[in-house]
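Colleague: Mind folding the following:
(2 chains)
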Amino acid sequence: MITKREALAGAGALAIGSALGVNIAWAQQVETLRIFVPAAPGGGWDQTARSMENAMRAAQLIKTAQITNVGGAGGAVGLPQFINQWKGQGNSLMVAGLVMVGSLIANKSPLSLTQVTPIARLTGEFQALVVPAGSPFKTAKDFVDALKADPTKVPVAGGSAGGTDHILIGMIAKAVGVPAAKVSYVAFAGGGPATAAILGNQVAGGVSGYGEFAEQIKAGKMRLLGISAGARQPGIDAPTLKEQGIDVELANWRGVFAPPGVSDADRKAMTDLVLKMTASNEWAEICKKQDWAQITLAGDQFGAFIKSENERILAILKDLGLA
Amino acid sequence: MDALSQLAAGFAVALTPINLMWCLVGVTLGTGIGVLPGLGPALTIALLLPITFKVEPASAFILFAGIYYGAMYGGSTTSILLNTPGESATIVTALEGNKMARNGRAGAALATSAIGSFVAGTIGTLGIAFLAPVVVDWALRFGPADYFALMVLAFVTVSAVLGSSAIRGLTSLFIGILIGLVGVDLQTGQARFTFGVQELTDKIDVIIVAVGLFAVGETLYMAARRRTGKDEIIPLRGSLMMTKEEWSRSWKPWLRGTAIGFPIGAMPAGGAEVPTFLSYYTEKKLSPKPEEFGHGAIEGVAGPEAANNASAAGVLVPMLTLGLPTSATAAIMLSAFQSYGINPGPMLLQSQPQLVWGLIASLFIGNVLLLALNLPMIRIWVKMLEVPAPMLYAGILVFATIGTYGISQSPVDLALLYMIGAMGFLMRRYDFPTAPVIIGVILGPLAEQNFRQAMTISAGDWTVFFTRPLAGSILAIAAIIVLAPAIYSAVQKRRAAA
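Modeller: Numbering: from 1, shown residues only, chains lettered A, B, ... in the order given. Just a heads-up that it's a prediction; the model follows:
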């Protein structure tokens, strides 16, 4: 806990620091950046954190980064720790994203991402609606026509219930007037098993991040019906769902947050650092390799975005009967 | 022949001094982390991912593959010596392996496990090199309904570990299923049996259950009995290596274990645990001395050990041919491909032949290195059993605690470990078998999820389990296995009466 007095002392020290010009040097290169990853090593958030470390070090924005992983429950185990134990600390960031918004709602957690300090949205992966190569569905319209006729006849594979994949299919159903809860959603333990089910013709279609399916689509083993972006994406040879009359947009975004209760100076320092990174060539290179779309959005706009995502996801999870 | 020349080119990649070094580092590290319960190959490779920014792709994958294979060898060592499985795939090894160690045959148990792993790993790698496209095509035909049938078949194996009373054994099985169901349900996203504890939403790791029941439960039992019993120092009997009889009892289980493990490992939802159960059951049924099972039968070590290593090779089949990660470790390895800008997919073999064949060649080399590393180590490992019981069990407790904490640095896991340990003690005290609990934890949720996936796909039509040819045949086999002995003895009785 940080008392009022300590906070005042901190602010005082900071004022003296900036008066002496220390703050400026410090803003140029951060000694140690601490990154909190509310997931186990290896997943998307962890990769984001480690890629940030690499890009920032290569661009000489930081000397070193210290990454802490606290995995569990889609981030619901880590978030309380970040809120309570990292409160008010500068030079600290947490990686989180759309998945956490959903899992906090589904877990009926009293916490939400509006309780931490928004710094910036960094990357996004668009969702893809695919069918097996031999499927009779040629366009997203064929698919939704079948869905409208009888949703139980169109089993769709994806990740765990209430996750991003399930949310997208719920949004598609809602957009074309099919009750979201009626969709035959078959949850698999991750993109790998879901891909296997689609390749093996066990299901009528599937939803996952585009990257998960990209190579199968290029090899002609799956057909891409549409992606959940607002506009066509370079390198993805498919129309958006919107173009095909399904008014749905969803990006599996990832971003960074500072702990609650940080000073304005700390907040600004972190925002500047992250924005410098997103402007660097090193970061652009990593995003290209990982197939991440750069959808940088900083400051208060990002804060407003978090709020609206929270409301939107809550509504769709309610429609799916999960919240 | 094309595959042969490709493989030769692969050996040229794998046999460069630098790659040999990475392979050696990998298998050594893998053996080490395999020994520690909790710290598995997936987590280790994830922590090593940043090296992909510095090292050549071929070298990195050779390192990762070495870790993966090495962990399968290392996990069995502690299963046999300490009754503390280091990996979920080596839980079954503890059943007979630890009994063998207590009969003074620790050396033979370690040897049959190392050599069996070598045989299975080598045959499995041959399978990757020459059969991968065929196997993967066949494996993809398995849908949820077929997996459910496979799980039903695997449940039959519980009869091999039921012990003296079916009621007690089945009680243990259902306790296991209950533990397995804790956590967020995949199909509905709702938490079950978590009592508001966030950490429980991610399910209880089967390693915690196994280490709790076997290692902690056993330690408590020993501590409770110590006043009355006298110190048992386990004498080593016979030679350290396997006797002629043990060789002849081992080679068939090695081959059968491989035949079970490789195809199931290649299935997208097969896993490494199910084949070890099936192998254990097969060996018990086929053994000329089934009465030795439960008291240290070497077949019960040889078969499952071969099965888990063959399944490790099988997992690489969909990964290398389709870019499909079917285990946590494969998923992490695939993300390493991505950080090189290599997109793992159906075209991987065509676009990166050097990398893929170099990796396959290094698997052969890794197997040889692991055998060379593990056989001489047996001499040192068995010395561990000369440690006086109080110190040995204290050591096991420390080891189990550290390992469990390593899974996710969560104090909740430690509380669970000791609660399950206390349950293990009570079960042991009142003569309930503990192995069915493990089978329940692993198979219960698998069977449930596959059943519900199948029912969603068929829109609620339960006849899919009989109309699909694969599911129907597997269920028929399961029915025959269960009913045949009863029918056979009924017919015999009638004949005798007539």
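Colleague: Can you tell me the element the residue of the stretch 151-300 of chain A at minimum distance from chain B falls in?
Modeller: Minimum separation of the stretch 151-300 of chain A from chain B (CB to the nearest CB) falls at A:E215, amounting to 2.1 Å. Yep, even glycine has a C-beta here, placed from its N, CA and C like the rest. Element membership for A:E215 (DSSP states H and E) is helix A:210-218.
Colleague: Name the residues of that helix that come out as buried.
Modeller: A:210-217 (16 or more other CB atoms under 10 Å in any protein chain shown).
Colleague: closest to B:E218 among the residues you listed?
Modeller: A:E212 (43.1 Å; CB to CB).
Colleague: Name the nearest residue to that closest one, ignoring sequence neighbours.
Modeller: A:G191 (3.9 Å; CB to CB, 6 or more residues apart in numbering or on different chains).
Colleague: Who are the packing partners of the helix or strand encompassing B:L24?
Modeller: Taking DSSP H and E as the definition, B:L24 sits inside helix B:17-35. Packing partners of helix B:17-35 (3 or more CB pairs under 8 Å, 6 or more residues apart in numbering or on different chains; DSSP states H and E): helix B:2-14, helix B:41-48, helix B:57-82, helix B:353-383.
Colleague: Need the contact partners of that helix.
Modeller: Outside helix B:17-35, the residues that touch it by CB atoms under 8 Å, 6 or more residues apart in numbering or on different chains are B:13-14, B:39-41, B:44, B:55, B:58-60, B:62-78, B:86-87, B:90, B:358, B:362, B:365-366, B:369-370, B:373-374.
Colleague: Using PDB, write out every CA atom in that helix.
Modeller: Provided in PDB are the C-alpha atoms of helix B:17-35 (Å, rounded to 0.1, in the frame of the first residue of the first chain):
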ATOM      1  CA  PRO B  17      29.900 -30.200 -34.600                       C
ATOM      2  CA  ILE B  18      27.800 -27.200 -33.600                       C
ATOM      3  CA  ASN B  19      24.500 -29.100 -34.100                       C
ATOM      4  CA  LEU B  20      25.800 -32.100 -32.300                       C
ATOM      5  CA  MET B  21      26.600 -29.800 -29.400                       C
ATOM      6  CA  TRP B  22      23.100 -28.400 -29.400                       C
ATOM      7  CA  CYS B  23      21.700 -31.900 -29.500                       C
ATOM      8  CA  LEU B  24      23.800 -32.900 -26.500                       C
ATOM      9  CA  VAL B  25      22.800 -29.800 -24.600                       C
ATOM     10  CA  GLY B  26      19.200 -30.500 -25.400                       C
ATOM     11  CA  VAL B  27      19.100 -34.100 -24.300                       C
ATOM     12  CA  THR B  28      21.000 -33.400 -21.100                       C
ATOM     13  CA  LEU B  29      18.800 -30.500 -20.300                       C
ATOM     14  CA  GLY B  30      15.700 -32.500 -21.200                       C
ATOM     15  CA  THR B  31      16.800 -35.400 -18.900                       C
ATOM     16  CA  GLY B  32      17.200 -32.900 -16.100                       C
ATOM     17  CA  ILE B  33      13.800 -31.300 -16.500                       C
ATOM     18  CA  GLY B  34      12.200 -34.600 -17.100                       C
ATOM     19  CA  VAL B  35      13.400 -35.700 -13.600                       C
END
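Colleague: End to end on stretch A:71-89, go ahead and measure it.
Modeller: 21 Å (CA to CA, to the nearest Å).
Colleague: For that stretch, buried residues please.
Modeller: Neighbour-count burial for stretch A:71-89 flags A:71-80, A:82-83, A:86, A:88-89 (criterion: 16+ other CB under 10 Å).
Colleague: Next: stretch A:50-70.
Modeller: By neighbour count on 16+ other CB under 10 Å, the buried set for stretch A:50-70 is A:50-58, A:61-62, A:65, A:67-70.
Colleague: Then stretch B:464-481?
Modeller: By 16+ other CB under 10 Å, the buried positions in stretch B:464-481 come out as B:464-465, B:468, B:470-472, B:474-475, B:478.
Colleague: Next: stretch B:248-263.
Modeller: Neighbour-count burial for stretch B:248-263 flags B:249-250, B:253-263 (criterion: 16+ other CB under 10 Å).
Colleague: Dump those into TSV; add distance to chain A, secondary structure and pLDDT as well.
Modeller: Formatted as TSV, the buried residues of stretch B:248-263 follow (distance: CB to the nearest CB, whole Å; DSSP: H, G, I helix; E, B strand; the rest coil; pLDDT from 0 to 100):
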residue	distance to chain A	secondary structure	pLDDT
B:R249	37	helix	92
B:S250	34	helix	93
B:P253	30	helix	95
B:W254	29	helix	95
B:L255	28	helix	95
B:R256	26	helix	95
B:G257	24	helix	95
B:T258	23	helix	96
B:A259	22	helix	95
B:I260	20	helix	94
B:G261	19	helix	94
B:F262	17	helix	94
B:P263	15	helix	92
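Colleague: Measure how the helix holding B:L24 sits relative to helix B:2-14, angle-wise.
Modeller: Helix B:17-35 runs at 90 degrees relative to helix B:2-14, counting by axes from the mean of the first three to the mean of the last three CA atoms, to 10 degrees.
Colleague: residues near the residue in the stretch 301-450 of chain B that chain A sits nearest to, how many?
Modeller: For the stretch 301-450 of chain B and chain A, the shortest gap (CB to the nearest CB) falls at B:G345, measuring 2.1 Å. By other CB atoms under 10 Å in any protein chain shown, 23 other residues sit near B:G345.
Colleague: who touches the residue nearest to the spatial centre of chain B in this structure?
Modeller: Nearest to the mean C-alpha position of chain B, counting by CA atoms, centre = their mean, stands B:A89 at 1.4 Å. Contacts for B:A89 (CB under 8 Å, 6+ apart) come out as B:72, B:75, B:272-273, B:276, B:308, B:311-312.
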